[in-house]
Structures are given as C-alpha cells and as structure tokens.
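*Asks:* quick one, structure for this:
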Amino acid sequence: MIKRKGGRVGGQLSAERGKERESRGARRADPAEERRGEAQRPSPPGGGVRTGALLLPAPWASGRPARAAPSPPAALSLSLRPPAWLRPPLASRPARAAPRALSPACARATMAVLMARVESILDKLTLPEKKVFKLYVKSFSPEPRITTQDLEAASTTSGLADLLLKRFTMSGISGVLTEGLKKIGRMDLVAESESLPRTSLKRAYENDGPELECYNMDQSRKAFVMCVKKDRPGAEKDLKLITNWLEKCKFEYTSCIDPNEAELTKELKQFRDGINGIKDGISCCLVTLMAHGGEGFIKTKLNERVNLSDIFEMFNNENCPALQEKPKIFVIQACRGDRRDGGVVLTDDEPMELDYLEKKRLPTFSDYYIIYPTQKDYV
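*Replies:* Next up, the predicted model:
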C-alpha cells in the first residue's frame, strides 16, 4: 500500500506503475483510467453534474477540486446547469406543465376536511392547555396575526380552529399547530398535527416555492369596450386597435359606443350578469373605458361624470362571484386632471447639433409599476 500526503491511503498500485512513477516522477494518471474510476465512485453529498462517465462535484460538495471536462469541445464550468453543448435543443425538451390551482368547490371541500382535523386535535386539550396555546399563537410573530379580541370571539373549539385557518392559511396551519403543542408539552398530539397536509392544499394565490402559480386561461375570456367618440379625435383609431388586439387574444367583447350615464351603467350590469351566468366557464374579464375624464372618474357623451370606483365595485368578489380568484383587468384611456406634461429629453448619444425640439422626448413619469397591498382607504 502507498500512502499519500496527509496519511490518506490510495489504491494499490502495481509494481510496474510504481517503477514508472519513480522513473518519470509524479506523472498524471491516464485520463481514461481516471474517468473509469470516477464512474464507479458514489455521487458526492451535494450532488454534481455528470457527463458520460465524468462526474463534476457541485461547489457545495466535498472539498475535492472539480475536474475539467476533456477537450474538445470546452471545459465544463462549475455552474448548476451543464453548458449549452450538453443540453438538448429547446424543441426536444419536455414541456413543464403549469401548476394547477384548486377549483373553488374543491378548495371548499378540502378546507372543511382540514377544519375537522384541526378541531379534533384542539378538542383533546384541557382548558389550561388551551389557554397557554392561545397565548402562544397570539405572540407567534412580531406583529401578531391574532389579537386578544380575536381570541375572545373564538370561545369555542370550532371557533378557534376557524380562526387559525383564516390567519395562518391552509399551508401554514400545520407548523403553527405543531409548535404550539410542543410549547404546552402535548407531544402525543405533535405527530397528528405534523401529518396535516401542507403544500397540497394551497389556495390559488398561495405560493412559497420557486415557481409561481398560474391562472387557468383555457376557458372563455370576456371583454367590455366603452368608447366615447364625441369630441375625441383619434377615438376611432383607438377603438380599432383595442378590438383587433382582443380578437387576437381570443376575447369575446361587447361594445358600448357613445353612451350616457344610464346606458353605460345598464350595459355594464348586463355584461357582469352575463359573466355570473357562466359560473365556472370563464377565465378572465377585461374592461376598457375610453373617454374624457379626471381623477377618479370618466365622462359620458353628455359630459356626465361616472365614478370609476362604482364600476370597479360591480366586479368585486361579492357582486361578481364568477370572477373570484380570476383576473379582472381594467384599462382606462382617459385624462386624470388638467396638467400637461412637457416631458424630458431622452438621454442618448444623439449629436448635440440637433435642435432641442427634434430630440426624442419621454413623459416625466414612465415605466412605473406601483403595487399597493390594499384598496384606497382600506387597511
């Protein structure tokens, strides 16, 4: 046996190989021999990238340096993905199916089953244990999701179970319940709480993984297009552009041209009621309103003001249940005040001798995407 530096024992070398090392010095082993040896070694704990018989350890694996791939075509870098020449062409790669969200009916049934299981666990706690458990869930996070008033209202076991599911969601209830049971020493119930489903019961909008949930767009797509042409140069062109786009995106649209306030309200309600009649057969809704307007309102052909908030309210989850957990898109082509934006000159490499007015200009505000967690005036 021959020992390497550090006292580690290597493989047994033949006498002929030993003489060869002595005569030629520390010569590198034959590449083919090394690849055969690598193919027989187990994968490192951190995983790696294998190409043929050559395994390249990932950076987080053991301390062994990664071996370079034989050339040609090129050396393989230590990235988490193999280089382009090792990957199949896009056409031959299997398509990755989009995650499917639970239907409303399935989600309700699943919630009922989970509710019964949580209530069954809480029923086994004594009154003192339940009191300590409530104190734990109230202080679960720096900004408590559950207040003292919430706990006072949830006086029954079923009320407490319902409160936990509302505040911590279907995917998080198992962890909260498990930690609370450990705090009060009920280890006999921990296994039962840990067996509660976690990720398989996610609602359509819950996601703590690397991939986002997707809306199901396979069903009917409905659109409403309102356009005031009166005293609006270019309105015909706007209308043509939006209807062509809707047809390309397979939207069924309803047109409402030059309405007054009563006509617009009536048409919108009929459009909304038609969606509610479809129930589970619709994927999304798009409402386009093109008119004069101001901040928070649009104007009809008679210059009547219609509040945008009233239109948005027609399609909320209460008034339009068919669109619950489905996208509702509103495109407002109207002014929002009286100020005019002079814009700014685009910073580029154009020659300085160009006239100031000939240079490309941008709006003062553009490319903004502003997202709020709630509607205006809501907490």
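*Asks:* got any ranges where the stretch 201-350 of the chain has weak pLDDT?
*Replies:* Residue ranges of the stretch 201-350 of the chain with pLDDT under 70: 201-213, 348-350.
*Asks:* which strands and helices lie in contact with the longest helix seen in the chain?
*Replies:* Longest helix in the chain by number of residues, with DSSP state H as the criterion: helix 157-183. Of the remaining helices and strands, those touching helix 157-183 by 3 or more Cβ pairs under 8 Å, 6 or more residues apart in numbering; DSSP states H and E are helix 104-123, helix 127-138, helix 148-153, helix 190-194. The way it works is simple: take the backbone N, C-alpha and C, and place the C-beta from them, glycine included.
*Asks:* in JSON lines, list the ones you listed along with mean pLDDT and mean neighbour count.
*Replies:* Below are the helices and strands packed on helix 157-183 laid out as JSON lines (pLDDT from 0 to 100; neighbours: other Cβ atoms under 10 Å):
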{"stretch": "helix 104-123", "mean pLDDT": "80", "mean neighbour count": "15"}
{"stretch": "helix 127-138", "mean pLDDT": "85", "mean neighbour count": "15"}
{"stretch": "helix 148-153", "mean pLDDT": "80", "mean neighbour count": "12"}
{"stretch": "helix 190-194", "mean pLDDT": "85", "mean neighbour count": "16"}
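*Asks:* these: which one's closest to L289?
*Replies:* Evaluated over these, closeness to L289 peaks at helix 104-123, with 28.4 Å, by Cβ to Cβ.
*Asks:* related to what we said a few turns ago, D310 is nearest to which of the helices and strands packed on helix 157-183?
*Replies:* From these, taking Cβ to Cβ, the stretch that ends up closest is helix 104-123, at 26.1 Å.
*Asks:* re the thing from before, and the longest helix of the chain, average pLDDT?
*Replies:* For helix 157-183, mean pLDDT rounds to 81.
*Asks:* quick revisit: need the helices and strands packed on helix 157-183 in CSV (columns: distance to D162).
*Replies:* Putting the helices and strands packed on helix 157-183 into CSV (distance: least, Cβ to Cβ, whole Å) gives the following:
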stretch, distance to D162
helix 104-123, 7
helix 127-138, 13
helix 148-153, 10
helix 190-194, 17
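*Asks:* dump the residue contacts of K230.
*Replies:* Contacts for K230 (Cβ atoms under 8 Å, 6 or more residues apart in numbering) come out as D258, K301.
*Asks:* counting neighbours, what do you get for K269?
*Replies:* 12 (other Cβ atoms under 10 Å).
*Asks:* grab the nearest non-local neighbour of it.
*Replies:* Nearest non-adjacent residue to K269, counting by Cβ to Cβ, 6 or more residues apart in numbering: M314, 6.8 Å away.
*Asks:* do the same with T288
*Replies:* Leaving out its chain neighbours, the residue that sits closest to T288 by Cβ to Cβ, 6+ apart is V331, at 4.4 Å.
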